[in-house]
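Colleague: have a look; sequence and predicted model below, questions after that.
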Amino acid sequence: MEQLRIFSPATVANVSCGFDALGFALDGLGDEMFFTINDSKKVTISKVEGATLPMEISKNAAGVVAQKMLEAADFPFGIDIEIYKKYKPGSGLGSSAASSAGTAFAINHFLGGTFSTLDLVKFAMLGEEAACGSQIADNVSAALFGGFVLIRSYLPLEVVSLPTPAALYAVVIHPQVEIKTRDARDILPEVIPIRDAVAQWANVGGLISGLYTNNYELIGRSLIDLVAEPARKILIPFFDELKRAALDHGALGAGISGSGPSVFALCKGEKNAQKVALAFNETYDNTGIDYHLYVSALGREGVKILKN
(Lines give C-alpha, C1' and ligand atoms only; values in the text may rest on other atoms or scores of the structure.)
Protein backbone atom coordinates (compact mmCIF):
# COMPACT_ATOMS: atom_id res chain seq x y z
CA MET A 1 0.00 0.00 0.00
CA GLU A 2 1.06 3.59 -0.53
CA GLN A 3 3.27 5.17 2.12
CA LEU A 4 4.47 8.72 2.79
CA ARG A 5 7.13 10.17 5.09
CA ILE A 6 7.03 13.90 5.86
CA PHE A 7 8.77 16.60 7.89
CA SER A 8 6.52 19.07 9.70
CA PRO A 9 8.28 22.14 11.11
CA ALA A 10 8.26 23.68 14.53
CA THR A 11 6.82 27.18 14.48
CA VAL A 12 7.05 30.45 16.40
CA ALA A 13 3.74 32.26 16.90
CA ASN A 14 2.94 35.85 17.91
CA VAL A 15 6.45 37.06 16.92
CA SER A 16 6.43 39.83 19.55
CA CYS A 17 4.08 42.46 18.11
CA GLY A 18 1.82 40.06 16.19
CA PHE A 19 -0.17 38.52 19.05
CA ASP A 20 -2.42 35.73 17.66
CA ALA A 21 -1.79 37.07 14.13
CA LEU A 22 1.80 36.33 13.07
CA GLY A 23 3.92 33.21 12.90
CA PHE A 24 6.91 31.69 11.13
CA ALA A 25 8.28 28.22 10.47
CA LEU A 26 11.69 26.88 11.44
CA ASP A 27 13.84 24.91 9.03
CA GLY A 28 16.05 22.82 11.27
CA LEU A 29 13.52 21.72 13.89
CA GLY A 30 10.34 19.71 13.53
CA ASP A 31 8.70 16.31 13.61
CA GLU A 32 8.77 13.38 11.24
CA MET A 33 5.58 11.48 10.47
CA PHE A 34 4.97 8.28 8.53
CA PHE A 35 1.64 7.47 6.88
CA THR A 36 0.47 4.16 5.39
CA ILE A 37 -2.77 3.57 3.49
CA ASN A 38 -4.49 0.25 4.26
CA ASP A 39 -7.80 -1.55 3.73
CA SER A 40 -9.13 -1.11 7.27
CA LYS A 41 -11.22 2.00 6.50
CA LYS A 42 -10.08 3.26 9.91
CA VAL A 43 -7.60 5.82 11.20
CA THR A 44 -5.03 4.30 13.55
CA ILE A 45 -1.96 5.62 15.35
CA SER A 46 0.48 2.74 15.72
CA LYS A 47 3.53 4.52 17.08
CA VAL A 48 4.50 7.70 18.92
CA GLU A 49 8.14 8.30 19.82
CA GLY A 50 9.68 11.24 21.65
CA ALA A 51 6.59 12.24 23.61
CA THR A 52 3.64 10.84 25.51
CA LEU A 53 0.57 11.51 23.39
CA PRO A 54 -2.91 9.96 23.41
CA MET A 55 -3.28 7.06 20.98
CA GLU A 56 -7.06 7.48 20.91
CA ILE A 57 -8.02 9.09 17.60
CA SER A 58 -10.52 11.55 19.07
CA LYS A 59 -7.93 12.92 21.51
CA ASN A 60 -4.87 13.04 19.25
CA ALA A 61 -4.41 16.10 17.01
CA ALA A 62 -3.19 14.03 14.07
CA GLY A 63 -5.96 11.49 14.50
CA VAL A 64 -8.69 14.13 14.57
CA VAL A 65 -7.40 15.80 11.40
CA ALA A 66 -7.08 12.50 9.53
CA GLN A 67 -10.57 11.38 10.55
CA LYS A 68 -12.21 14.66 9.53
CA MET A 69 -10.44 14.81 6.17
CA LEU A 70 -11.18 11.20 5.22
CA GLU A 71 -14.84 11.71 6.12
CA ALA A 72 -15.02 14.92 4.09
CA ALA A 73 -13.48 13.25 1.04
CA ASP A 74 -15.33 9.94 1.43
CA PHE A 75 -11.98 8.14 1.21
CA PRO A 76 -12.53 4.35 0.79
CA PHE A 77 -9.37 3.27 2.63
CA GLY A 78 -7.90 3.51 6.11
CA ILE A 79 -4.66 5.12 7.20
CA ASP A 80 -2.07 4.40 9.87
CA ILE A 81 0.02 7.17 11.40
CA GLU A 82 3.43 7.06 13.08
CA ILE A 83 4.62 10.20 14.89
CA TYR A 84 8.27 10.88 15.73
CA LYS A 85 8.46 13.96 17.93
CA LYS A 86 11.80 15.74 17.70
CA TYR A 87 11.02 18.38 20.31
CA LYS A 88 8.86 18.38 23.40
CA PRO A 89 5.17 19.30 23.56
CA GLY A 90 4.49 22.33 25.75
CA SER A 91 7.50 24.17 24.39
CA GLY A 92 5.60 27.04 22.82
CA LEU A 93 6.91 25.89 19.42
CA GLY A 94 3.71 24.49 17.95
CA SER A 95 4.10 20.81 18.77
CA SER A 96 0.43 19.96 18.23
CA ALA A 97 0.43 22.20 15.16
CA ALA A 98 3.25 20.14 13.65
CA SER A 99 1.16 16.98 14.06
CA SER A 100 -1.99 18.66 12.75
CA ALA A 101 -0.39 20.38 9.76
CA GLY A 102 1.71 17.35 8.85
CA THR A 103 -1.36 15.13 8.83
CA ALA A 104 -3.42 17.57 6.77
CA PHE A 105 -0.62 17.78 4.20
CA ALA A 106 -0.17 14.00 4.02
CA ILE A 107 -3.87 13.17 3.69
CA ASN A 108 -4.22 15.77 0.96
CA HIS A 109 -1.31 14.14 -0.86
CA PHE A 110 -3.11 10.79 -0.80
CA LEU A 111 -6.27 12.52 -2.04
CA GLY A 112 -4.43 13.96 -5.04
CA GLY A 113 -4.40 17.55 -3.79
CA THR A 114 -8.18 17.84 -3.44
CA PHE A 115 -7.99 20.59 -0.84
CA SER A 116 -6.35 24.04 -1.02
CA THR A 117 -3.70 25.09 1.49
CA LEU A 118 -6.30 27.29 3.20
CA ASP A 119 -8.59 24.26 3.47
CA LEU A 120 -5.72 22.34 5.06
CA VAL A 121 -5.31 25.12 7.63
CA LYS A 122 -8.99 24.77 8.54
CA PHE A 123 -8.65 21.00 9.00
CA ALA A 124 -5.43 21.44 11.00
CA MET A 125 -7.20 23.91 13.29
CA LEU A 126 -9.50 21.05 14.34
CA GLY A 127 -6.41 19.22 15.55
CA GLU A 128 -5.38 22.28 17.52
CA GLU A 129 -8.81 22.35 19.13
CA ALA A 130 -8.43 18.70 20.17
CA ALA A 131 -4.98 19.34 21.61
CA CYS A 132 -5.42 22.68 23.37
CA GLY A 133 -9.09 23.61 23.27
CA SER A 134 -9.02 26.38 20.65
CA GLN A 135 -9.02 26.49 16.85
CA ILE A 136 -5.82 28.52 16.60
CA ALA A 137 -4.48 29.29 13.11
CA ASP A 138 -1.08 30.94 13.53
CA ASN A 139 1.13 27.87 14.13
CA VAL A 140 -0.60 25.55 11.65
CA SER A 141 -0.62 28.27 8.98
CA ALA A 142 3.11 28.83 9.36
CA ALA A 143 3.74 25.07 9.20
CA LEU A 144 1.66 24.63 6.02
CA PHE A 145 2.56 27.81 4.13
CA GLY A 146 6.17 28.04 5.34
CA GLY A 147 8.04 31.25 6.09
CA PHE A 148 6.16 34.14 7.70
CA VAL A 149 2.37 34.25 7.75
CA LEU A 150 -0.23 36.77 8.84
CA ILE A 151 -3.68 35.68 10.02
CA ARG A 152 -5.58 38.69 8.72
CA SER A 153 -9.00 37.35 9.69
CA TYR A 154 -10.64 34.34 11.32
CA LEU A 155 -14.19 35.03 10.08
CA PRO A 156 -13.74 34.36 7.26
CA LEU A 157 -10.33 32.76 7.63
CA GLU A 158 -7.70 34.63 5.62
CA VAL A 159 -4.00 33.76 5.74
CA VAL A 160 -1.43 35.99 4.03
CA SER A 161 1.94 34.51 3.13
CA LEU A 162 4.68 37.08 3.75
CA PRO A 163 8.22 37.33 2.34
CA THR A 164 11.02 35.78 4.38
CA PRO A 165 14.37 37.58 4.04
CA ALA A 166 17.10 35.09 3.18
CA ALA A 167 19.49 35.99 6.00
CA LEU A 168 16.97 35.65 8.85
CA TYR A 169 17.90 33.06 11.49
CA ALA A 170 16.13 32.16 14.69
CA VAL A 171 17.67 31.16 18.00
CA VAL A 172 15.28 29.46 20.39
CA ILE A 173 15.85 28.45 24.00
CA HIS A 174 13.35 26.12 25.63
CA PRO A 175 13.63 26.18 29.43
CA GLN A 176 12.39 22.90 30.87
CA VAL A 177 9.54 24.45 32.83
CA GLU A 178 5.82 24.01 32.24
CA ILE A 179 3.48 26.83 31.34
CA LYS A 180 -0.13 25.87 30.80
CA THR A 181 -1.65 27.68 27.82
CA ARG A 182 -4.72 28.51 29.89
CA ASP A 183 -2.56 30.17 32.56
CA ALA A 184 -0.72 32.15 29.88
CA ARG A 185 -4.08 33.30 28.51
CA ASP A 186 -5.59 34.12 31.90
CA ILE A 187 -2.69 36.37 32.84
CA LEU A 188 -3.24 38.69 29.88
CA PRO A 189 -4.85 42.09 30.51
CA GLU A 190 -8.45 42.46 29.35
CA VAL A 191 -7.91 46.14 28.54
CA ILE A 192 -4.82 47.94 27.24
CA PRO A 193 -4.20 51.70 26.91
CA ILE A 194 -4.96 53.13 23.48
CA ARG A 195 -1.38 54.41 23.18
CA ASP A 196 -0.10 50.84 23.58
CA ALA A 197 -2.59 49.55 21.03
CA VAL A 198 -1.51 52.17 18.50
CA ALA A 199 2.17 51.37 19.10
CA GLN A 200 1.47 47.65 18.69
CA TRP A 201 -0.36 48.18 15.39
CA ALA A 202 2.49 50.38 14.17
CA ASN A 203 5.04 47.71 15.05
CA VAL A 204 3.09 45.07 13.11
CA GLY A 205 3.09 47.38 10.11
CA GLY A 206 6.79 48.06 10.55
CA LEU A 207 7.62 44.36 10.79
CA ILE A 208 5.66 43.49 7.65
CA SER A 209 7.23 46.40 5.78
CA GLY A 210 10.67 45.22 6.89
CA LEU A 211 9.95 41.72 5.61
CA TYR A 212 8.90 43.05 2.20
CA THR A 213 11.88 45.38 1.85
CA ASN A 214 14.59 43.21 3.46
CA ASN A 215 15.10 45.99 5.99
CA TYR A 216 16.60 44.07 8.90
CA GLU A 217 16.98 47.15 11.07
CA LEU A 218 13.27 47.96 10.69
CA ILE A 219 12.41 44.35 11.50
CA GLY A 220 14.43 44.65 14.69
CA ARG A 221 12.89 47.97 15.76
CA SER A 222 9.42 46.49 15.24
CA LEU A 223 9.92 43.39 17.40
CA ILE A 224 8.36 45.00 20.47
CA ASP A 225 5.37 43.53 22.29
CA LEU A 226 3.30 45.81 24.50
CA VAL A 227 0.37 43.39 24.90
CA ALA A 228 1.39 39.87 25.95
CA GLU A 229 5.07 40.02 26.90
CA PRO A 230 4.79 42.43 29.86
CA ALA A 231 2.28 40.09 31.52
CA ARG A 232 3.66 36.72 30.47
CA LYS A 233 7.36 37.23 31.04
CA ILE A 234 7.00 36.59 34.79
CA LEU A 235 6.14 32.98 33.90
CA ILE A 236 9.54 32.45 32.23
CA PRO A 237 12.58 32.27 34.52
CA PHE A 238 15.25 34.86 33.67
CA PHE A 239 13.33 36.18 30.67
CA ASP A 240 14.69 39.74 30.99
CA GLU A 241 18.24 38.41 31.23
CA LEU A 242 17.75 36.29 28.11
CA LYS A 243 16.34 39.18 26.12
CA ARG A 244 19.09 41.52 27.23
CA ALA A 245 21.75 38.95 26.34
CA ALA A 246 20.26 38.48 22.87
CA LEU A 247 20.14 42.19 22.12
CA ASP A 248 23.64 42.78 23.54
CA HIS A 249 25.02 40.08 21.23
CA GLY A 250 23.56 41.31 17.97
CA ALA A 251 20.00 39.96 17.81
CA LEU A 252 17.52 42.04 15.85
CA GLY A 253 14.94 41.39 18.54
CA ALA A 254 13.72 38.76 20.98
CA GLY A 255 10.46 37.69 22.56
CA ILE A 256 8.25 34.87 23.81
CA SER A 257 7.44 32.07 21.38
CA GLY A 258 3.70 31.40 21.54
CA SER A 259 2.61 31.27 25.15
CA GLY A 260 6.09 30.18 26.28
CA PRO A 261 8.24 29.02 27.90
CA SER A 262 10.47 29.16 24.81
CA VAL A 263 12.15 32.46 24.01
CA PHE A 264 13.18 33.29 20.45
CA ALA A 265 15.62 35.76 18.96
CA LEU A 266 15.72 36.78 15.31
CA CYS A 267 19.16 37.46 13.87
CA LYS A 268 20.69 38.57 10.59
CA GLY A 269 22.94 35.75 9.45
CA GLU A 270 24.07 32.49 11.00
CA LYS A 271 27.19 34.04 12.53
CA ASN A 272 25.15 36.44 14.64
CA ALA A 273 22.74 33.64 15.51
CA GLN A 274 25.58 31.53 16.89
CA LYS A 275 26.74 34.47 19.03
CA VAL A 276 23.24 34.82 20.47
CA ALA A 277 23.04 31.08 21.08
CA LEU A 278 26.28 31.28 23.08
CA ALA A 279 24.86 34.20 25.06
CA PHE A 280 21.70 32.20 25.81
CA ASN A 281 23.91 29.35 26.99
CA GLU A 282 25.92 31.58 29.27
CA THR A 283 22.75 33.15 30.69
CA TYR A 284 21.16 29.82 31.62
CA ASP A 285 24.15 27.64 32.43
CA ASN A 286 24.26 28.57 36.12
CA THR A 287 20.54 28.84 36.79
CA GLY A 288 20.00 25.19 37.67
CA ILE A 289 17.24 24.98 35.03
CA ASP A 290 17.59 22.46 32.23
CA TYR A 291 17.04 23.80 28.72
CA HIS A 292 17.20 22.95 25.04
CA LEU A 293 18.75 25.32 22.53
CA TYR A 294 18.14 25.50 18.78
CA VAL A 295 19.60 27.57 15.95
CA SER A 296 17.70 27.46 12.67
CA ALA A 297 17.17 29.25 9.41
CA LEU A 298 13.54 30.05 8.78
CA GLY A 299 11.64 27.29 7.01
CA ARG A 300 10.46 28.72 3.72
CA GLU A 301 8.92 25.46 2.53
CA GLY A 302 6.84 24.37 5.50
CA VAL A 303 5.69 20.73 5.58
CA LYS A 304 7.62 18.68 3.01
CA ILE A 305 7.97 15.12 1.77
CA LEU A 306 11.01 13.13 2.85
CA LYS A 307 12.55 10.21 0.99
CA ASN A 308 11.85 6.84 2.62
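Modeller: Yep, that arrived.
Colleague: show me what secondary structure element comes after the host helix or strand of A277.
Modeller: A277 is part of helix 270-284 when elements are defined by DSSP states H and E. Reading on from helix 270-284 to the C-terminus, the next helix or strand found by DSSP H and E is strand 291-297.
Colleague: buried sites along that next one?
Modeller: Residues of strand 291-297 classed as buried: Y291, Y294, V295, S296, A297 (neighbour count, 16 or more other Cβ atoms under 10 Å). (C-beta placed from N, C-alpha, C; glycine too.)
Colleague: show me which of the residues you listed is closest to G269.
Modeller: Closest to G269 out of those is A297 (10.1 Å), distances taken as Cβ to Cβ.
Colleague: and the closest one, what does it touch?
Modeller: Counting by Cβ atoms under 8 Å, 6 or more residues apart in numbering, A297 makes contact with L26, D27, G28, L168, Y169, A170, E270.
Colleague: list the ones among these that fall in helices.
Modeller: Among the contacts of A297, DSSP state H puts E270 in helices.
Colleague: thinking again about what came up before, which pair of the buried residues of strand 291-297 spans the longest distance?
Modeller: Going by Cβ to Cβ, the pair spanning the buried residues of strand 291-297 furthest: Y291 and A297, at 21.1 Å.
Colleague: domain ranges for the chain, per the record?
Modeller: 3-162+300-306, 168-297 (automatic domain parsing).
Colleague: the longest helix in this structure is where?
Modeller: When the chain is parsed with DSSP H, its longest helix is helix 194-213.
Colleague: which other helices and strands contact it?
Modeller: strand 157-162, helix 216-222 (3 or more Cβ pairs under 8 Å, 6 or more residues apart in numbering; DSSP states H and E).
Colleague: okay, now the unreliable bits of the stretch 1-150 of the chain?
Modeller: Counting by pLDDT under 70, the stretch 1-150 of the chain has low-confidence residues at 1.
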